[in-house]
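*Asks:* pasted the sequence and its predicted model underneath.
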Amino acid sequence: MLSVVVLISGGGSNLRALLDEAEHPDYPARIVAVGADRDALGLFHAQDFRVPTFTVPFTSYETREQWGDALLEHLHEWQPDLVVLSGLMRLLPARVVEAYAPRIINTHPAYLPEFPGAHAVRDAIAAGADQTGASVIVVDTGVDSGPVLARERIPIPPGIDEDELHDRIKLVERRLLADTVRDIATGTIRLEEFNS
């Protein structure tokens, strides 16, 4: 059984979907803890499923590296097989990535390598693109630059606003994330192939 720690910053809608999936007896992964970089609303989802939570407030540390060291202490406590970033709006310090690489994955609301960064949905609309996507990647020390594990195209209808498009993307992201975690757990995806 693959053990997973999920890290969030916000409402945790993708986390909720993964928690639902992990409840199924035949799902080969279990979420052992959920962490956040602030008092995130998504932590309530974990509590609903009786999954332990922890918070490492970014603003409590003078540097990103100090925050990363504190985060690492929590991760080491749980010793997860996989770390999932699900709406964590923070770049992980290099030492966190190096400690768990390539066993850290992230979802992204674009068809990477198109539209990396924090405003991918807005950027796709601003560019006049007629399609975008959702991706699941291996986290590296860059910005949305790691190897792509799964991705899917999503059309951008004329006149759609950012929030509505993001909601459509999230539906695909949730499925891709659950499928990717399953494939990692079953060995269909072999993360060790992405060791640098």
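*Replies:* Structure's in. What do you need?

*Asks:* pretty sure Gly11 is in contact with Gly42, am I right?
*Replies:* Yes - if you go by CB atoms under 8 Å, Gly11 and Gly42 touch, sitting 5.4 Å apart. All C-beta atoms are positioned from the backbone trio N, CA, C, and that covers glycine.

*Asks:* any residues in contact with both of these two?
*Replies:* Gly87 (CB atoms under 8 Å, 6 or more residues apart in numbering).

*Asks:* which residue ranges of this structure form helices?
*Replies:* 13-22, 43-48, 64-78, 94-100, 120-126, 162-186 (DSSP state H).

*Asks:* hang on, the earlier thing: comparing Gly11 and Gly42, which residue is more hemmed in?
*Replies:* The neighbour count for Gly11 versus Gly42, taken as other CB atoms under 10 Å, is higher for Gly42 (22 against 14).

*Asks:* not counting residues beside it along the chain, what's closest to that one?
*Replies:* The shortest distance from Gly42 to any residue other than its chain neighbours is 2.0 Å, reached at Gly12 (CB to CB, 6 or more residues apart in numbering).

*Asks:* could you count how many residues lie near that neighbour?
*Replies:* 23.

*Asks:* now do the contacts for it.
*Replies:* Residues near Gly12 by CB under 8 Å, 6+ apart: Val34, Ala40, Leu41, Gly42, Leu43, Phe44, His45, Ala46, Ser86, Gly87.

*Asks:* now do Arg90
*Replies:* Ser9, Asp37, Phe58, Arg64.
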